[in-house]
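Q: here is my input; please provide its structure:
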Amino acid sequence: MSALPVEDAADVLEKLLETPDADGVLSAVRRFAAVEFDAVSDDFAFEYGTLDWGDGPFFAVGFSRQLEPADEELDVVQARVELQFEVDAELIGAGDWGSEWTAGGAKSFDQWLDAVAAKPIWALVRGRTVRAVEVAQDGVF
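A: Purely as a prediction, here's the structure:
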């Protein structure tokens, strides 16, 4: 199978997300990392914390994959999946945290994802009602 165009990244991620919960996101991200895109660089990020885009605060846990296309005419693409939860004292107490992985780095993707999946935040959000799930793609300039 040949590499997919980077502009298909979010569509692929959305199809891989079978259940809109913590375990579903971790499973989808692991499978998403195995999909080859026509890119010269491939990076992942994991973040969680409290956000507010003007409609009131929420707690978000999510991953993004940034792909730099092999075709220099195209923009860098960032596909992301995010679980959003109602804010409470326990989630606020978890703070904000992030981690990044770059292809070719010291750790394999699976080692990095296993370390992220072992973070206490997952136990904190498992079983909570998900307020929203967002799968999106943005151009990065």
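
Q: now stretch 70-78: average pLDDT?
A: Here stretch 70-78 scores 86 as its mean pLDDT.

Q: an error on my part: the question was meant for stretch 126-134.
A: 95.

Q: got a list of contacts for it?
A: Stretch 126-134 has contacts (C-beta atoms under 8 Å, 6 or more residues apart in numbering) with 17, 20-23, 58, 62, 80-86. Glycine gets a C-beta too; all of them are placed from N, C-alpha and C.

Q: from the residues you listed, which land in strands?
A: Counting by DSSP state E, the part of those found in strands is 58, 62, 80-85.

Q: which one of those is nearest to residue 32?
A: residue 81 (8.3 Å; C-beta to C-beta).

Q: what about stretch 111-124, how long is it end to end?
A: End-to-end distance of stretch 111-124 (C-alpha to C-alpha, to the nearest Å): 22 Å.

Q: coming back round to it: are any of the contacts of stretch 126-134 buried, and which?
A: Among the contacts of stretch 126-134, the ones that count as buried by 16 or more other C-beta atoms under 10 Å are 17, 21-22, 58, 62, 80-85.

Q: which one among the residues you listed gets closest to residue 114?
A: Nearest to residue 114 among those, with distances taken as C-beta to C-beta, is residue 22, at 14.8 Å.
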